[in-house]
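J.: build me a model from this:
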Amino acid sequence: MKLTGTGLSCAHVAELAGGAARVTIGPTDRARAAWVTARELTGPVYGRSTGVGANKDVEVSGSGLDLLRSHAGGAGALIEAERARGMLAVRLNQLLAGGSGIDPGVLPVLADVIGSGATPPVRAYGAVGTGDLTALATTALCLLGEVAWRDGHDGLRYPLAGSDALPFISSGALTLSDAALALHRVRTLLEAAITVAARSFAAVDASAEPLAAAVHEARPHPGQALVAERLRGMLTRERAARVQDPYGYRAFPQVHGAALDALGHAERVVETDLNAAAENPLISGTLAWHNGNFHAAPLALALDALRAALVQTAQLSAARLATLVNPAYTGRLPFLADREGGSGVMILEYVAQDALAELRHLAAPVTTGTSVISLGTEDHASFATQAARYALRCVEPLEIVLACELVAARHSPCPDRPLDTDLAAARAELSR
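T.: Numbering: from 1, shown residues only. Below is the predicted model:
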């Protein structure tokens, strides 16, 4: 896959993070132009001729590499190699977009790092949504040979200059990678959820009347109309066993459509930043522009909305599951048991409600909090890092809730096949 500083998508990040694509780079003209300009700048330039944070007014001299050594101080467990690879790909694409002023010689080396499978030993904690400083400082020290790459990779080095320190680490590349991975996986699940709901519709003879085109033309939300159209195409008959079905069926297009709309908005926000020169300072033209493009408020807000929407669509899945074990809707024995008094799929409701509780916890908004750090100089934070981390963690419980519904919707008693095997197969099917 060729990275050019443009056109990088969430799906591309997932492919690169999974190690499924070799990386090449396109023209480095924009990066080189910024580098040339940066070397000619005079006067105070943040992070180049000054300290950072509260030290912004302090002139500095020397190598500048102490910035990397001081900021490579994360804590917690090492993050998964997949997330670290995604971070490397995102940062490389951003640097190709230009504006950082970094030595362009590092760009092919970063591509080689990604292709080799090497990843930096990045720890989980150390960012608040204003830049992944600890993660990228650790990566820079790996390039310098001061910190070892994971998995025994050696020789992947580049002599970063002190003036390259801030340009390398001034990015939310890990946060964006986490967000891209989460959105890619969530899209797979939300698309699959429509098929799952169709199975439930068929299992309880739910009315297709709420899916009629006329209904959704009267309230033209894009996601809502899309869900109704797809579901209509999956149902083979229009039977109205009841005048009105529960909300899990009747309001499915409205609720699930809202989740798809929230996902679409989040994807647009993430993909804008994947291809942006969100550098501080931004080297553009003949000047260094000091700015706040590192602040990830748009991303945090979009991910807060998405996680809340995932809870709502999962709640409807659990509600449909409740009808699937109820004889009043299926005409079968309670819990789809194969005999009177049998437990059938009773346990699925417990599993689904456990996973749903986890989703509710993960949906707590991060954007209502803030922080004041660096002697009051940095007096706001988006916590987009946490929003992206929680979005990634939402994938598993959402998948489990949907898998519980899917198993119940197509269940036929099979005493030789444990229920957990059915769930494992359903989860694998949903993730494809």
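J.: mind listing what residue 124 touches?
T.: 74-79 (C-beta atoms under 8 Å, 6 or more residues apart in numbering). No exception for glycine: its C-beta is placed from N, CA and C like everyone else's.
J.: over to residue 22?
T.: 1, 115.
J.: residue 134 versus that one, what's the distance?
T.: When C-beta to C-beta, to the nearest Å is the yardstick, residue 22 and residue 134 sit 28 Å from each other.
J.: now swap in residue 230 and tell me
T.: On the measure of C-beta to C-beta, residue 230 and residue 134 end up 43 Å apart.
J.: of these two, who's got more company?
T.: Neighbours per residue, other C-beta atoms under 10 Å: of residue 230 and residue 134, the larger number sits with residue 134, 21 against 17.
J.: for that one, give me the pLDDT.
T.: On the pLDDT scale, residue 134 is placed at 97.
J.: is it in a helix, a strand, or coil?
T.: When classified by DSSP: H, G, I helix; E, B strand; the rest coil, residue 134 comes out as helix.
J.: in space, what's closest to it - neighbours in sequence excluded?
T.: The spatial neighbour of residue 134 that comes closest, neighbours along the chain excluded (C-beta to C-beta, 6 or more residues apart in numbering), is residue 126 at 3.2 Å.
J.: how about that neighbour, what does it touch?
T.: Residues in contact with residue 126 (C-beta under 8 Å, 6+ apart) are 73-75, 132-135.
J.: got any ranges where the stretch 101-250 of the chain has weak pLDDT?
T.: For the stretch 101-250 of the chain, the stretches with pLDDT under 70 are 152, 237-239.
J.: hey, where'd the helices end up in it?
T.: Along the stretch 101-250 of the chain, the segments classed as helices by DSSP state H, counting those that start in this stretch run 106-116, 133-144, 165-169, 173-203, 213-217, 222-234, 247-250.
J.: next one: phi and psi at residue 157?
T.: Phi and psi for residue 157, reported as degrees, to the nearest 10, are phi -130, psi 160.
J.: do the same with residue 282
T.: phi -90, psi 120.
J.: what do you get for residue 245?
T.: Backbone torsions for residue 245, taken as degrees, to the nearest 10, come to phi -90, psi 170.
J.: ok, and the closest non-adjacent residue to the residue nearest the centre of the chain?
T.: If you average the C-alpha coordinates of the chain and look for the closest C-alpha using C-alpha atoms, centre = their mean, you land on residue 179, 2.3 Å from that point. Excluding its sequence neighbours, the residue lying closest to residue 179 (C-beta to C-beta, 6+ apart) is residue 388, at 4.1 Å.
J.: sticking with the one you found, tell me its helix or strand.
T.: Element membership for residue 388, per DSSP states H and E: helix 384-409.
J.: please parse the protein into its domains.
T.: The chain is divided into the following domains under automatic domain parsing: 2-171, 177-431.
J.: could you pull up the contacting residues of the residue nearest to residue 179?
T.: Counting by C-beta under 8 Å, 6+ apart, residue 388 touches 175-176, 178-179, 182, 299, 303.
J.: likewise for residue 75?
T.: For residue 75, the set of contacting residues under the criterion of C-beta under 8 Å, 6+ apart consists of 123-126.
J.: got it, and residue 348?
T.: 321, 325, 404, 407-408, 419, 423.
J.: tell me the gap between the helix or strand harbouring it and the middle of its chain.
T.: Element membership for residue 348 (DSSP H and E) is helix 347-362. Offset of helix 347-362 from its chain centre (C-alpha atoms, centre = their mean, to the nearest Å): 21 Å.
J.: check stretch 300-319 too.
T.: Centroid separation for stretch 300-319 versus its chain: 14 Å, with C-alpha atoms, centre = their mean.
J.: check stretch 335-350 too.
T.: Averaging C-alpha positions (C-alpha atoms, centre = their mean) puts stretch 335-350 36 Å from its chain's average.
J.: just flag the most distant two among the contacts of residue 75.
T.: Farthest apart among the contacts of residue 75 by C-beta to C-beta are 124 and 126. That separation is 7.9 Å.
J.: rewinding a little: which of the contacts of residue 348 has the weakest pLDDT?
T.: Ranked by pLDDT, those bottom out at residue 419, which has 79.
J.: mind checking how far that residue is from residue 398?
T.: Computed as C-beta to C-beta, the residue 419 to residue 398 distance reads 20 Å.
J.: tell me which of these two has more neighbours.
T.: A direct count of neighbours by other C-beta under 10 Å for residue 419 and residue 398 places residue 398 higher, at 28 against 18.
J.: who's in contact with that one?
T.: Residues near residue 398 by C-beta under 8 Å, 6+ apart: 186, 189, 310, 314, 355, 359.
J.: what does residue 379 give?
T.: By C-beta under 8 Å, 6+ apart, the contact set of residue 379 is 370, 372.
J.: mind checking pLDDT for the residue lying farthest from the centre of the chain?
T.: Distance from the centre of the chain peaks at residue 340, with 45.5 Å (C-alpha atoms, centre = their mean). Listed pLDDT for residue 340 reads 94.
J.: got the contact list for stretch 176-186?
T.: Applying C-beta under 8 Å, 6+ apart, the contact partners of stretch 176-186 are 9-11, 13-14, 17, 82-83, 86-87, 89-90, 263, 266-267, 270, 273-274, 299, 303, 306, 310, 384-385, 387-389, 391-392, 394-395, 398, 431.
J.: circling back to that earlier point, columns neighbour count and distance to residue 167 on top of the contacts of residue 398, output as JSON lines?
T.: Listed next are those as JSON lines, based on neighbours: other C-beta atoms under 10 Å; distance: C-beta to C-beta, whole Å:
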{"residue": "186", "neighbour count": "27", "distance to residue 167": "32"}
{"residue": "189", "neighbour count": "24", "distance to residue 167": "37"}
{"residue": "310", "neighbour count": "26", "distance to residue 167": "36"}
{"residue": "314", "neighbour count": "29", "distance to residue 167": "42"}
{"residue": "355", "neighbour count": "21", "distance to residue 167": "43"}
{"residue": "359", "neighbour count": "25", "distance to residue 167": "39"}
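J.: now those in CSV, with distance to residue 248?
T.: Putting the contacts of residue 398 into CSV (distance: C-beta to C-beta, whole Å) gives the following:
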residue, distance to residue 248
186, 20
189, 17
310, 16
314, 11
355, 16
359, 16
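J.: just give me the closest of those residues to residue 35.
T.: When those are compared for distance to residue 35 (C-beta to C-beta), residue 186 wins out at 37.5 Å.
J.: sounds good, over and out.
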